[in-house]
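Enquirer: For reference, the sequence and a predicted model appear below.
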Amino acid sequence: MKKKILSMALAGTLLAAGAATGPVLAGNSANGPNYEGNETIKNERLHSYEEMVKVLEKADSQSEAMELETYGESVKGRDLYLAKFASDEDNPTVLFLTQQHGNETLTTEGALKLIQNLTSNGKKTQEILDNVNVLIAPRLNVDGAEGDVNFSLDDYVSGTHTRYNANGVDLNRDHVDREQPETKAFHENVLQKYNPDYMIDLHHQGTQTTLGDSDELVSGSILYPTTENVDDEVLQRSKQLGSVVYNAVSDKGYGLLSKYPGGSAETISRNGLAVEYDVATLLFEMRGMADHEYEDYVLGQKSNGKLIQQAVTAMEATLEALADGSINDADTSFWDDLPLSGYGE
């Protein structure tokens with residue numbers, strides 16, 4: 001990890017940017033997580049690939065702090081984009097990765113909102129960017145997110161998004177072999193090039209996940225690397241990253257997190273990247289999916305805005321804690337008592 005010790009104290013959160021470009025994001029007036037049966041997120045509330053690119057290019061053109069890179073191509077030839085805010089190589093570097101699974105959409109909407117906030121040129125934003133290098137890789141699985149794949153989606157609820165890439169491969173099981181162009185490019189042109197210190201891998205889980213054995217539906221679940229091969233210092237920093245996110249989300253009225261019951265396979269990013277690159281990793285599984293074979297995994301409309309904001313909250317809290325150094329003092333004892341995810345009947 002880079003050794004620079006940051007002492008600047010930051011108060012408050014990043015200033016909100018102006019209204020989103022492209023499709024209108026779901027409003028933030030929703031009353032928390034909601035599920036009403038066989039529903040899917042309305043596509044007009046999501047940025048298509050072309051609309052996402054327009055948002056990224058506009059942000060790049062309006063901000064001197066941001067650099068927009070293409071770091072590879074998908075199976076179907078779509079460019080993969082990286083938004084980079086890097087002012088000092090001695091600063092800690094954090095990477096936010098979204099949508100390894102194409103049907104896990106709201107995390108990318110949150111990432112685009114964060115990019116808009118970081119290009120707002122506000123004083124507090126500049127203080128963040130003076131002290132943290134930020135990498136945002138929105139939508140790794142660009143083909144699956146478009147439903148542009150080499151297999152049928154007839155068994156999906158809406159047939160518009162899939163977990164897998166165009167070749168039918170789960171990209172979050174390809175971080176050892178790296179046989180797919182998306183994961184190969186991500187490793188070679190992002191991880192190996194920029195050597196991040198911290199990473200949050202943002203996903204979605206089913207709609208019916210509960211807090212332990214209770215009937216309370218969670219808004220998300222988190223987990224640090226659980227492979228026995230992870231370095232102790234990397235594990236500790238990962239748990240501290242989780243502490244920052246947990247406290248920030250829990251302070252919001254709509255946030256309720258559980259501990260994700262993940263495995264130890266190093267083919268997934270949470271484990272494999274922590275071992276290979278010594279990057280502190282956190283898995284953040286938000287509630288519900290845009291499309292799936294199982295109806296009860298699919299998210300209804302009413303909680304979209306809250307979940308998008310939850311992703312923004314997690315990422316902004318991470319930036320603030322890295323910028324002022326408070327992440328180094330984050331209390332990790334909460335992990336001992338955090339209930340595992342349960343699954344209601």
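Expert: Received the coordinates, thanks. Residues are numbered from 1 along each chain as shown.
Enquirer: which residues in this structure form helices?
Expert: For the chain, the helices defined by DSSP state H occupy 49-62, 106-118, 123-131, 142-146, 181-186, 192-194, 232-250, 269-277, 304-324, 334-337.
Enquirer: what's the closest of those helices to Leu153?
Expert: Ranking the helices of the chain by proximity to Leu153 (CB to CB) places helix 142-146 first, at 9.7 Å. From N, CA and C alone the C-beta is placed, and that goes for glycine too.
Enquirer: helices and strands around the closest one, which ones?
Expert: Applying 3 or more CB pairs under 8 Å, 6 or more residues apart in numbering; DSSP states H and E, one finds that helix 142-146 contacts helix 49-62.
Enquirer: Kindly recompute the last result at 10 Å.
Expert: helix 49-62, strand 79-85, helix 181-186 (3 or more CB pairs under 10 Å, 6 or more residues apart in numbering; DSSP states H and E).
Enquirer: Take these and lay them out in CSV including mean pLDDT.
Expert: What follows is those, written out as CSV (pLDDT from 0 to 100):
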stretch, mean pLDDT
helix 49-62, 98
strand 79-85, 99
helix 181-186, 99
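Enquirer: got those as a markdown table, with mean neighbour count columns?
Expert: Converted to a markdown table, these look like this (neighbours: other CB atoms under 10 Å):
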| stretch | mean neighbour count |
| --- | --- |
| helix 49-62 | 16 |
| strand 79-85 | 21 |
| helix 181-186 | 22 |
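Enquirer: Can I get those in TSV including distance to Glu127?
Expert: Shown next, in TSV, are those (distance: least, CB to CB, whole Å):
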stretch	distance to Glu127
helix 49-62	19
strand 79-85	13
helix 181-186	29
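Enquirer: Indicate which one of these is closest to Gln116.
Expert: Nearest to Gln116 among the helices and strands packed on helix 142-146 is helix 49-62; the distance by CB to CB comes to 6.2 Å.
Enquirer: list the buried ones in stretch 81-100?
Expert: Residues of stretch 81-100 classed as buried: 81-86, 91-100 (neighbour count, 16 or more other CB atoms under 10 Å).
Enquirer: Could you dump the helices of the chain into TSV with distance to Tyr164 added?
Expert: Shown next, in TSV, are the helices of the chain (distance: least, CB to CB, whole Å):
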stretch	distance to Tyr164
helix 49-62	16
helix 106-118	17
helix 123-131	35
helix 142-146	6
helix 181-186	11
helix 192-194	25
helix 232-250	27
helix 269-277	16
helix 304-324	22
helix 334-337	31
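Enquirer: which residues of this protein score low on pLDDT?
Expert: 1-44, 157-159, 288-303, 344-345 (pLDDT under 70).
Enquirer: The helices and strands packed on helix 142-146: which one's closest to Val245?
Expert: Closest to Val245 of the helices and strands packed on helix 142-146, according to CB to CB: strand 79-85, at 19.5 Å.
Enquirer: Neighbouring strands - and their directions - for that closest one?
Expert: Using DSSP bridges, strand 79-85 pairs in its sheet with strand 67-73 (antiparallel), strand 133-137 (antiparallel).
Enquirer: Turn these into TSV, including distance to Met52.
Expert: Listed next are the strands paired with strand 79-85 as TSV, based on distance: least, CB to CB, whole Å:
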stretch	distance to Met52
strand 67-73	12
strand 133-137	12
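Enquirer: Out of these, which gets nearest to Arg287?
Expert: Among those, strand 133-137 sits nearest to Arg287 (CB to CB), with 21.6 Å.
Enquirer: what's across from Thr70 in the sheet?
Expert: Bridge pairing for Thr70 - DSSP bridges - gives Tyr81.
Enquirer: you'd agree it is up against Lys84?
Expert: No - assessed by CB atoms under 10 Å, Thr70 is found out of contact with Lys84, at 11.5 Å.
Enquirer: Out of the helices of the chain, which gets nearest to Pro225?
Expert: Of all these, helix 269-277 comes closest under CB to CB, at 3.9 Å.
Enquirer: Pull the distance from the closest one to the chain's centre.
Expert: 16 Å (CA atoms, centre = their mean, to the nearest Å).
Enquirer: likewise stretch 322-338?
Expert: Worked out by CA atoms, centre = their mean, stretch 322-338 lies 19 Å from the chain centre.
Enquirer: ok, and for it, which residues are buried?
Expert: For stretch 322-338, by 16+ other CB under 10 Å, it's Leu322, Ala323, Asp324, Gly325, Ser326, Ile327, Ala330, Thr332, Phe334, Leu338.
Enquirer: ok, now stretch 219-232?
Expert: Ser219, Gly220, Ser221, Ile222, Leu223, Tyr224, Pro225, Thr226, Thr227, Val230.
Enquirer: want to throw these into TSV with distance to Tyr198?
Expert: Converted to TSV, the buried residues of stretch 219-232 look like this (distance: CB to CB, whole Å):
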residue	distance to Tyr198
Ser219	22
Gly220	18
Ser221	19
Ile222	14
Leu223	15
Tyr224	12
Pro225	12
Thr226	17
Thr227	17
Val230	14
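Enquirer: so which of the residues you listed would you say is closest to Ala145?
Expert: Gly220 (19.9 Å).
Enquirer: which residues sit in contact with the closest one?
Expert: Applying CB atoms under 10 Å, 6 or more residues apart in numbering, one finds that Gly220 lies in contact with 33, 202-205, 209, 245-246, 249, 255-258, 260, 284-287, 307, 310-311, 314, 341.
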